[in-house]
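J.: structure for the following, please:
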Amino acid sequence: MSKIIYTHTDEAPLLATYSFLPIVSAYAAKAGVDVETRDISLAGRIIAQFPERLTEEQRQADALAELGELANDPAANIIKLPNISASVPQLKAAVAELQGLGYDLPDFPESVETDEQKDARERYGRVMGSAVNPVLRQGNSDRRAPASVKNYAKAHPHRMGAWSADSKTNVATMGHDDFFSNEKSVIVEADDTLRIEHVAADGTVTVLKESLPVLAGEVVDGTFLDAAALDAFLAESIERAKAEGVLFSVHLKATMMKVSDPIIFGHVVKAFFKPVFEKYGQDLAAAGLSANDGLGGIFAGLESLPNGAEIRAAFDAALADGPKMAMVNSDKGITNLHVPSDVIVDASMPAMIRIGGHMWGPDGEEADTLAVIPDSSYAGIYQTVIDDCRVNGALDPATMGSVPNVGLMAKAAEEYGSHDKTFEIATDGTVRVVDGSGAVLIEHAVHAGDIWRACQTKDASIRDWIKLAVTRARLSETPAVFWLNSRRAHDANLIRKIEQYLPEHDTEGLEIHVMDPAEATAFSLARIREGLDTISVTGNVLRDYNTDLFPILEVGTSAKMLSIVPLMNGGGLFETGAGGSAPKHVQQLVEEDYLRWDSLGEFFALAASFEHLAVTEGNARAQVLADTLDRATGTFLNEDRSPGRRLGTIDNRGSHFYLALYWAQELAGQSDDAELAATFKPLAEALATGEQAIVEELVAVQGKPADIGGYYRPDDAKASAVMRPSGTFNEALASL
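T.: Have a look, this model is predicted:
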């Protein structure tokens, strides 16, 4: 029997799974396809780390490790939904919830002084940040807007905010003494084991990472961000925002870059509230309140301090004295600096650009913004888009072209694989990367507080990435642009690899370019405005940025993208879109029993998964399911069955019903498999006949609080009852 692994994740995608998975399982079974789940949620990942502390009933296997092994199996077929890439505050909240449910888990240690604390910190470190994606992504990324989504966006363009030629919105970035400018890169000649060490000014050697295995042809990078230069830049940016009368905001990736970016975020908090930390810094530190966790964590902790009210007043005074702060939720007073994972650069910058270069101010009104992106590696792409919109106005979804992406991410490529090789430097000295013979490959003079990191990119990953780029350019007859800056050390080595490996492929008649990211952005924007498509071929971070930036502008959301990862060993990983909006959807469900999450990404991933099974296992019925699901999704879009914007309209559960209805009708009417058609005809008739009753049952529950039993660890029975409230629909599906 063919098998699909459907991942059990977090937040809104998980809640949607309670509704959608029963449909998937029932339909797939008729094609001889078994759908299994694996729990890679944040709560599940935490539980798997501490089996010796838990009861037999509480323990669960390390599903992520299992899927990591499966990803190297040619038979792999995994549908991966968005999961929480936990920041420290999220991790603490999840642990607290699990402890409240009776799980004997240790608290997350703020500081490490004992062996027990060190062990707990190491285990939680495996869970924090993007712990999932580097494990599962054993292939490079092929991400694009399906034709049905693109056509729908053109026919029903989403609202775009107007841009003014006088807009004061800009990006502020360091441009010197940052990761970009300090980077050094080497291509290792043979298999080896490297070592990362710190040599203090007095000659004391501290090994930062004892063993770093590398393969022949691998690209290894080392770089650092100068903490003193960062602080000076932040002070200048705060004064600039105040002088220009614009909102101040910072845009980082504290989830994927789980070691470096929370530290940078802490620097921003300290810079904005410099007088507070100068006066009360020792009090805050003694109470375990860290700027890295944001204002939210600090404010919550102030309640237990004897001078907490005094410190809070100092924060409020500094907030009033500085530039106006961009807000996450102005009604609730949640600022840009409350939680490091609230403002994620790849989602927040496109959203700002989409509404005319504005963010929300403390008065609840939109305003021009100084977007602070400290490292200059990729900040230029956003400045280029802002400059273009300032001159040419907002992009038009009804006419604009598309920018699909081929992303280098296999085997934890580049920055997103740097977590275990990122260090906040304790003392002045030199950081060195040394090979097995003792030769120094990379070295940097550093000071206490600097952030140093190393990255790796396998040669096999690069070769596969180049091959995938050529394949996509050929299949779509679209120009492909490698977004690489020859002035950046890592990119210069990738350009050498392209020059070496591109001639291995048939590129006759193809238009393939290498441009630095800002130039590539301008090139792509010019083509977009003419209604033309351009493939962006990028590294891992730009893959993340571009697959939010352009889809949010083109089709309104990145959740509607088709995201396929052809695994290098022959299997398939099918991702369902981004989960940046997932938290607010859960909040609305709990308050109003209304889930606005759009599962369109799941529909696309499922069709691609069935198609992969048909090709790799010769399962003809899987192909029928894929073809009929694709047509049903087209009907779904044309009939506008995505979740509505207000109570009284269908939400996620209603959208699942209509997808099930249209899919059953397509299956009943197809001619490729008469037996399958006969099987689904009664269901199609039952769903069509029961449409009014089903919709009424789904809408009737809205408007009151819903109990799902937990945020990070919902109760399965409660969540299932909430997400499957239509008895008529459930009965019809069960009859299949």
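J.: correct me, but Tyr711 touches Ala96?
T.: No - contact criterion C-beta atoms under 8 Å: Tyr711 and Ala96 do not qualify, at 10.5 Å. Every C-beta, even on glycine, is put in place using the N, C-alpha and C of the backbone.
J.: between these two, which has more neighbouring residues?
T.: Using other C-beta atoms under 10 Å, the more surrounded residue of Tyr711 and Ala96 is Tyr711, with 18 against 14.
J.: which residues touch that one?
T.: Under the criterion of C-beta atoms under 8 Å, 6 or more residues apart in numbering, the neighbours of Tyr711 are 11, 93, 97, 586.
J.: so it sits in a strand?
T.: No - applying DSSP: H, G, I helix; E, B strand; the rest coil, one finds Tyr711 to be coil, outside a strand.
J.: picking that back up, of the contacts of Tyr711, closest to Pro146?
T.: Glu11 (23.9 Å; C-beta to C-beta).
J.: so the residue of the chain positioned farthest from its centre, which state does it fall into?
T.: Computed with C-alpha atoms, centre = their mean, the residue of the chain farthest from its C-alpha average is Asp202, at 42.4 Å. Following three-state DSSP, we place Asp202 in the coil state.
J.: any chance of the contacts of Tyr711 in CSV, with distance to Ala31, secondary structure and pLDDT too?
T.: As requested, those are exported to CSV (distance: C-beta to C-beta, whole Å; DSSP: H, G, I helix; E, B strand; the rest coil; pLDDT from 0 to 100):
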residue, distance to Ala31, secondary structure, pLDDT
Glu11, 30, helix, 94
Ala93, 41, helix, 94
Glu97, 38, helix, 97
Val586, 32, helix, 93
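J.: of those residues, buried ones?
T.: Buried members of the contacts of Tyr711, scored by 16 or more other C-beta atoms under 10 Å, are 11, 97, 586.
J.: and the contacts of Tyr711 as CSV, adding distance to Ile355?
T.: Listed next are those as CSV, based on distance: C-beta to C-beta, whole Å:
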residue, distance to Ile355
Glu11, 24
Ala93, 29
Glu97, 34
Val586, 23
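J.: which one of the residues you listed is nearest Gln456?
T.: Proximity of the contacts of Tyr711 to Gln456 was ranked by C-beta to C-beta; the top entry is Glu11 with 30.8 Å.
J.: make sure the closest one is actually in contact with Lys584.
T.: No - Glu11 is not in contact with Lys584 according to C-beta under 8 Å; the separation is 9.5 Å.
J.: which of the buried ones among the contacts of Tyr711 sits closest to Glu56?
T.: Distance to Glu56 across those (C-beta to C-beta) is lowest for Glu97, with 21.2 Å.
J.: tell me the spacing between the closest residue to the closest one other than its chain neighbours and Asn182.
T.: Closest residue in space to Glu97, ignoring its immediate chain neighbours: Tyr712 at 5.0 Å, by C-beta to C-beta, 6 or more residues apart in numbering. According to C-beta to C-beta, to the nearest Å, Tyr712 stands 38 Å off from Asn182.
J.: and Leu625, by the same measure?
T.: Counting by C-beta to C-beta, the gap from Leu625 to Asn182 is 51 Å.
J.: now Leu319
T.: Leu319 is 33 Å from Asn182, by C-beta to C-beta.
J.: repeat for Glu197
T.: Taking C-beta to C-beta, one finds Glu197 at 18 Å from Asn182.
J.: re earlier: more neighbours: which of Leu625 and Asn182?
T.: A count of neighbours by other C-beta under 10 Å puts Leu625 above the other of Leu625 and Asn182, at 29 against 19.
J.: and the pLDDT at that one?
T.: pLDDT recorded at Leu625 is 97.
J.: who are the contact partners of it?
T.: Leu625 makes contact with 27-28, 31, 33, 607, 610, 667, according to C-beta under 8 Å, 6+ apart.
J.: please redo it, this time with the cut-off set to 6 Å
T.: For Leu625, the contact set (C-beta atoms under 6 Å, 6 or more residues apart in numbering) comprises 31, 610.
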